[in-house]
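J.: Show me how the following folds:
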Amino acid sequence: MDKELFDNLVQSLQEAKAIAKGEAPASRRFELSAPDAKTVRQEIGLSQSEFARLMRVSVKTLQNWEQHRRNPTGPAAALLKVVSMSPETVLKSLHA
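T.: Numbering: from 1, shown residues only. Predicted coordinates for the structure are as follows:
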């Protein structure tokens, strides 16, 4: 590896460490929020058990999302977003 590239990597790691410790601000930050699970479920007309099966989560987890005791994260949040944007495509794809 050439020295300039190595030095850039070291500098990047030092900056990341400072950001993680709260010693420096991040240059950009992305906040992604999942749509409201209950609204999405009601808009596509599924029961809690049907929607939980579609999302591959337990009914209890779905109820926690709907009552805002917990929030979907990661892949579940992404799938909720896709379902809210294009429910027909998701339903067709997941039932294929």
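J.: Run through this protein and note the low-pLDDT ranges.
T.: 32, 96 (pLDDT under 70).
J.: tell me the contacts of the residue lying closest to Leu91 once chain neighbours are set aside?
T.: Among residues not flanking Leu91 along the chain, Ile44 sits closest, at 7.0 Å (C-beta to C-beta, 6 or more residues apart in numbering). Using the backbone N, CA and C atoms, a C-beta is placed for each residue, glycine as well. Contacts for Ile44 (C-beta atoms under 8 Å, 6 or more residues apart in numbering) come out as 51, 83, 87, 91.
J.: Point me to the helix or strand that includes the second one.
T.: Using DSSP states H and E, Val83 sits in helix 74-85.
J.: cool, and the last one?
T.: Taking DSSP H and E as the definition, Leu91 sits inside helix 87-94.
J.: Same check on the first one?
T.: With elements taken from DSSP H and E, the one containing Phe51 is helix 48-55.
J.: which residues sit against that helix?
T.: With contact meaning C-beta under 8 Å, 6+ apart, helix 48-55 is reached by 37, 41, 44, 46, 58-59, 61-63, 66, 76, 79-80, 83, 90-91, 94.
J.: With stretch 21-31 instead?
T.: 15, 18-19.
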